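J.: just to be clear, the model below is a prediction. Sequence and coordinates:
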Protein chains: 2
Amino acid sequence: MAGPVGRRVTAAMVARRAGTSVSTVSLVVNGKSRGRVSAVITERVRAAVDELGYVVDHAASSLARGTTDLVVLLAPDLPNPYFGRVTTGIREALGSRHQLMLSVIEGGEQPGADDVRRVAAFRPAGLLVHAPSPTFLDDLEPGGPPLVLMDAPGFEGRAATVTFDLEPGVRALVAHLAEAGHTVLAYLEGSTPSATFTVRRELLARVAAEHGLRVLDDGTRAGLTLDAAADVSTEELPRWRAAGATAVVAAADTMAYGVLAAAHRLGLAVPGDIAVAGFDDLPYSQVTAPSLTSVALPAEELGRAAAQRLAAVLAGDGDGADAPLLPSRLAARASTGA
Amino acid sequence: MAGPVGRRVTAAMVARRAGTSVSTVSLVVNGKSRGRVSAVITERVRAAVDELGYVVDHAASSLARGTTDLVVLLAPDLPNPYFGRVTTGIREALGSRHQLMLSVIEGGEQPGADDVRRVAAFRPAGLLVHAPSPTFLDDLEPGGPPLVLMDAPGFEGRAATVTFDLEPGVRALVAHLAEAGHTVLAYLEGSTPSATFTVRRELLARVAAEHGLRVLDDGTRAGLTLDAAADVSTEELPRWRAAGATAVVAAADTMAYGVLAAAHRLGLAVPGDIAVAGFDDLPYSQVTAPSLTSVALPAEELGRAAAQRLAAVLAGDGDGADAPLLPSRLAARASTGA
DNA sequence: CTGAAAGCGCTTACAG
DNA sequence: CTGAAAGCGCTTACAG
C-alpha cells in the first residue's frame, strides 16, 4: 500500500522482491498462474505486488499483447445530459473486464473515420459509437477495432448496432397531438448530422401524414443545447405560428427546453398558444414549466445493450442481423395539454 | 486515404514506401524533422503517411517516450449535466496538444488513489480530478502524473487547484433569503464525499448565522440525481417544515430539481409553502417550474482554468500558492420569490 | 513448475 | 542529413 517514493514500479522489481522471474510475475498478475505457478510463489508475488503497489504498464502490456482491455466510447455530444445516462448503462454492463474511456471529439463534430483511426492507436478491445452520421462507415478502414453503433438507425446489417424502435413512441405522440386537435406541426431539427435525427424527423412526418397532420418542412435546425435552441426558436416561433403550426416537436429534450424558454420570452402560453414536445425524456422534463411531453428513449438501456452487444462481438458472435431494437414510448405531459 | 486492407500500418511500412528509415519517419511524424531531415525526404514520408493512413501507435510511442499526450479526467459524477459543461471548457483550453480522455470511475464512488494508480498505467501527461474528497491526497503515491484538482476547496497549497470563491454567491443567496423573511433553512447535502459539498454547507451555515438565520443540521443527504433527491425530499419536506424551515437549499441543481418534484408530489407551493435553491446554475434551471434560484458556478470556466493550470504545471510552473479563484454569483429566480 | 529470450512498434542518443 | 541499434516494460512460446 505504502509504495516506494521512487519511480514507476516494474514487473522486474516485483520479481526481484518475490525472488522469481518477470515471466512468473506476468502470469500471476494476469490470472494465468493456475496450474502453472506454485501456490507458494503465487503468494509471494501477490505480496510483492501489494507491497510495491505494482500496476501492469498499459503501454507495454498492450504492445506485447496487441490489444488492451480498453473500451472507448466516441460520442458527438458529451455535454448533453442524455449522454451521461448512456455511460451509466454501459458501465453497468461492461463490469470490470473492461475499462471504459470516453474520447472527446473535436467541438460539436460528428465521430468520423479520423477519430476512429486516432482512437485505434490506443489498441482498444472495442469501440462504441453513439449517434453516428449516415456516412460514418463509408471511409472507415477495415482492420480496425470491433465496434458497436448506438442509436444508429439505418446501419442495421452493415455493422453491429443497438437502435431504438422509434415507431411506438412517435405513433403515440402523433395520436396524442391529433387528439388534441393539432393539424400543423413545426419541427426543430438537431444541427448535428446524426442519422437518428433524420429518422426521427422523417418518421414523424410520415406518421403525421397518416393521421392527416402536416409537419412544416422548413429545415429549421439548432444546436443541441437549451441556449442554441432558444435563440433559434425565438426567431422561428412567430413564423411557425404564422404558418399555422400549433405545436413544435424538437429533436431532443434539451432543445425542447429551449423552445419553452423562447415561448416564455415571447409571452406565448404553452400549450395554449403553442404545444411543445421533445425526444429522450430526460429526468428534468418532469419539472419544466410546463412539464414536457417527450418520446422516451431509455438511455441506460441503450448503454447496457450496447455493452452487451460489444461483449458478444468480442466473443466472436457475428454482428449482423439480430440487432435488438429497444422500445420507445410516449411520456405525455402538460406541455401538450396532457 | 484509402489505406490497405491488411493489418496495422507501422512506421516500418511507411519507411519502406518512402525509401527511408524508421528513425526518419519518427522524426517527420513528430514534427522534429526541421533541420534534421531534407525537404525531399520529409515530403516523401508525408506522402507515404497519407497513402497508408499511418498513425503512431500509442502503446509503442508511450513506452519509448515514457509519457503520452493524454490528459485524463477523473470525475465522480459523470451523468451530471454540470460535468459535461466542464469538459467543454477543458477541451477548449487544452487545444490539440493533448488528447482528453474521461476515465469512468466505479459507480458513484469518489476518485481515489487506486483510480490514480490505474490511470497512471496509461502514462498520461497529466490528470484532472473533479470534486475530490478531502482524503484524496492522503494515500496518493508520489511520482505519479502531475495533477490539477478542480472545485477542491481546502486543497490549496497541497496541490495545484482551481476552485470557486463560493462566498459571494452564498452571501447573495443568504441576503436574498433573509430579505424574503426566511429564518430557518433546510439543507439537502450531496451523498458523495466531495470536499466542495462540505464547504458549501458550512459556508451557508456560517453566513446564515451572521444574518440571524438558522440552517437545520439534520445531516440529510441524497444522491446527485433528480430521482434520488426527490425520494429523500418527499420524506423530509414535512419534517423540515415542522422544524420551521421555509426554504430548502440543495447542494446541486439536479438535487434541487428533485426537491421541486417532491414539493409538487406533496402539493406544496414553491415558493409559497417552501422556497428552493441550488448550486451550479445549470441552463435547465431557467425553465423549471418555478424557475430555480441557484448559486452560479461557471462550469466551462472551471474546465478552462483547470486545463490552463495543468498546462502551466506541465511547463514547470510550480503548483502552489497562486491558485486562481473563480467567482460565484447568485442567479435569483422564482423558486425563492425573485 | 520456472526462467531466458524474442518481439511488440516506437524514440532517441549515437555514429557516420 | 541519415540510419543502425538500444531500450521502453511487458507477454508468450519455448526449453528445461
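T.: Now that the structure is in, tell me what you want to look at. Numbers count the residues shown, from 1 in each chain, chains lettered A, B, ... in the order given.
J.: so which helix or strand of chain A has the lowest pLDDT on average?
T.: Across the helices and strands of chain A, mean confidence by mean pLDDT, DSSP states H and E is lowest for helix A:113-120: a mean of 80.
J.: show me which parts of that one are buried, residue by residue.
T.: By 16 or more other Cβ atoms under 10 Å in any protein chain shown, the buried positions in helix A:113-120 come out as A:Ala113, A:Asp115, A:Val116, A:Arg117, A:Arg118, A:Val119, A:Ala120. In short, each C-beta sits where N, CA and C put it, glycine included.
J.: same thing with stretch A:76-90?
T.: Within stretch A:76-90, the residues that count as buried by 16+ other Cβ under 10 Å are A:76-90.
J.: burial measure for A:Ala12, as a count.
T.: A count of nearby residues for A:Ala12, using other Cβ atoms under 10 Å in any protein chain shown, gives 11.
J.: and A:Val170, by the same measure?
T.: If you count neighbours by other Cβ under 10 Å, A:Val170 ends up with 23.
J.: ok, now which ones touch the residue in the stretch 201-338 of chain A positioned nearest to DNA strand D?
T.: The nearest approach of the stretch 201-338 of chain A to DNA strand D comes at A:Leu314, 14.9 Å away (Cβ to the nearest atom of the strand). If a contact means Cβ atoms under 8 Å, 6 or more residues apart in numbering or on different chains, then A:Leu314 has A:Ala125, A:Gly126, A:Pro146 as its contacts.
J.: can you map out the strands along the stretch 1-150 of chain A?
T.: Secondary structure of the stretch 1-150 of chain A by DSSP state E, counting those that start in this stretch: the strands cover A:70-75, A:99-104, A:126-130, A:147-150.
J.: can you give the distance of the host helix or strand of A:Ala262 from its chain's centre?
T.: Assigned by DSSP states H and E, A:Ala262 belongs to helix A:253-266. On the basis of Cα atoms, centre = their mean, to the nearest Å, helix A:253-266 sits 24 Å off its chain's mean C-alpha point.
J.: so the first helix or strand past it going along the chain versus helix A:253-266, what angle?
T.: Following helix A:253-266 in sequence order, the next helix or strand is strand A:275-280 (DSSP H and E). Using axes from the mean of the first three to the mean of the last three Cα atoms, to 10 degrees, the direction of strand A:275-280 lies 160 degrees away from that of helix A:253-266.
J.: what helices and strands are in contact with strand A:275-280?
T.: Identification of packing neighbours for strand A:275-280 by 3 or more Cβ pairs under 8 Å, 6 or more residues apart in numbering or on different chains; DSSP states H and E yields helix A:166-179, strand A:247-250, helix A:253-266, strand A:293-296.
J.: what about A:Ala209, neighbour count?
T.: A:Ala209: 12 surrounding residues under other Cβ under 10 Å.
J.: ok, it to A:Gly181 distance?
T.: A:Ala209 sits 17 Å away from A:Gly181, taking Cβ to Cβ, to the nearest Å as the criterion.
J.: again with A:Leu127
T.: 47 Å.
J.: out of those two, which sits in the busier spot?
T.: Taking other Cβ under 10 Å, A:Leu127 and A:Gly181 do not tie; A:Leu127 has more neighbours (24 against 10).
J.: between the contacts of A:Leu314, which sits nearest DNA strand D?
T.: Relative to DNA strand D, the closest of the contacts of A:Leu314 is A:Ala125; by Cβ to the nearest atom of the strand it sits at 12.7 Å.
J.: that closest one touches A:Ser62, doesn't it?
T.: No: with contacts counted by Cβ atoms under 8 Å, A:Ala125 stays clear of A:Ser62, the gap being 9.7 Å.
J.: what sits in contact with each of those two?
T.: A:Thr68.
J.: out of those two, which sits in the more crowded spot?
T.: Set side by side, A:Ala125 and A:Ser62 show more neighbours around A:Ser62, with 26 against 19, by other Cβ under 10 Å.
J.: surely that one meets B:Ala59?
T.: Yes: the criterion here is Cβ under 8 Å, and A:Ser62 meets it with B:Ala59 at 4.3 Å.
J.: who touches both of those two?
T.: With Cβ under 8 Å, 6+ apart as the test, A:Ser62 and B:Ala59 both reach A:Thr68, A:Phe122, A:Arg123.
J.: what is the end-to-end distance of stretch A:151-171?
T.: Counting by Cα to Cα, to the nearest Å, you get 18 Å between the two ends of stretch A:151-171.
J.: hmm, back to that, looking at the shared contacts of A:Ser62 and B:Ala59, which gets the smallest pLDDT?
T.: Minimum pLDDT for the shared contacts of A:Ser62 and B:Ala59 is recorded at A:Phe122 (84).
J.: could you find the closest non-adjacent residue to that one?
T.: Leaving aside its chain neighbours, A:Phe122 sits nearest to B:His58 (4.9 Å; criterion: Cβ to Cβ, 6 or more residues apart in numbering or on different chains).
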